[in-house]
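1. Task: produce atomic coordinates for the following.
(2 chains)
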Amino acid sequence: NAGVMQNPRHLVRRRGQEARLRCSPMKGHSHVYWYRQLPEEGLKFMVYLQKENIIDESGMPKERFSAEFPKEGPSILRIQQVVRGDSAAYFCASSPTGLGSGANVLTFGAGSRLTVL
Amino acid sequence: AQSVTQLGSHVSVSEGALVLLRCNYSSSVPPYLFWYVQYPNQGLQLLLKYTTGATLVKGINGFEAEFKKSETSFHLTKPSAHMSDAAEYFCAVSDRAGNKLTFGTGTQLKVEL
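-> Numbers count the residues shown, from 1 in each chain, chains lettered A, B, ... in the order given. From the prediction side, this is the model:
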């Protein structure tokens, strides 16, 4: 049973380009979370999605960032017109149900490291 | 709003010595508390969690943590450090109705011979 799969593991973009990060949750998991880890900082929540729905995007920057989790295929975090400050590790996590149930915890992927030149 | 404070961004111990990583939280509602470990270039792996019940929680790799409501703390301990314990450790809190974790800034544990 594969874990949470993220790709690409490393992505280099020039300022102004677009970055697309993909996340395939664990089999049987229908809840996906994206977190960002800036250098020397802890993980910060960005967005929580279920299939075809954004449940909580309170951590997403208001501009240039978007996320989706279509009925088929992986979840995608999209960053348009990247800037140097977007350089970070972006982690995806999944759970079988929402965390509110308490019994389930997040399973994290290995992350996608974005470098903006 | 919830928050987590991890005292000491870097902790160094000798192999075989006690490991103590500190975590204090702030939450207006009864929290769920977690410790995760991150090895270089890898994702986070759950060490242990507290939800309800027994306040002393045992996790993987010999780690344990105790929830102390009066001190709003959830410190992580291990009686005897091993070289393989060198990693970054994150404390996190989640409220019982929410669907997101709030992480501390992490503690880098170094284990020396």
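
2. got a list of what A:Ser75 touches?
-> Residues near A:Ser75 by CB atoms under 8 Å, 6 or more residues apart in numbering or on different chains: A:Arg22, A:Cys23, A:Ser24, A:Pro25, A:Val32, A:Trp34, A:Leu49, A:Ala67, A:Glu68, A:Phe69, A:Cys92. From N, CA and C alone the C-beta is placed, and that goes for glycine too.

3. quick one: stretch A:64-81 to chain centroid distance?
-> Chain-centre distance of stretch A:64-81: 8 Å, with CA atoms, centre = their mean, to the nearest Å.

4. how near is the residue most central in space within chain B to B:Lys100?
-> The centroid of chain B falls nearest to B:Trp35 when counting by CA atoms, centre = their mean (3.5 Å). Relative to B:Lys100, B:Trp35 is positioned 17 Å away (CB to CB, to the nearest Å).

5. Also A:Ile76?
-> From A:Ile76 to B:Lys100 the distance is 19 Å (CB to CB).

6. Look at the two and report which has more neighbours.
-> B:Lys100 (24 against 16; other CB atoms under 10 Å in any protein chain shown).

7. related to what we said a few turns ago, among the contacts of A:Ser75, which one sits closest to chain B?
-> Using CB to the nearest CB, A:Cys92 comes nearest to chain B of the contacts of A:Ser75, at 8.6 Å.

8. isn't there a helix covering the residue nearest to the centre of chain B?
-> No. Assessed by DSSP: H, G, I helix; E, B strand; the rest coil, B:Trp35 does not belong to a helix; its assignment is strand.

9. In space, what's closest to the residue positioned nearest the centre of chain A - neighbours in sequence excluded?
-> Centroid-nearest residue in chain A, with CA atoms, centre = their mean: A:Trp34, separated by 3.2 Å. Distance criterion CB to CB, 6 or more residues apart in numbering or on different chains; nearest residue to A:Trp34, sequence neighbours excluded, is A:Met46 at 4.4 Å.

10. Wait, the one you found touches A:Arg36, no?
-> Yes. If you go by CB atoms under 8 Å, A:Met46 and A:Arg36 touch, sitting 5.6 Å apart.

11. Between these two, which contacts overlap?
-> With CB under 8 Å, 6+ apart, A:Met46 and A:Arg36 have common neighbours A:Gly59, A:Tyr90.
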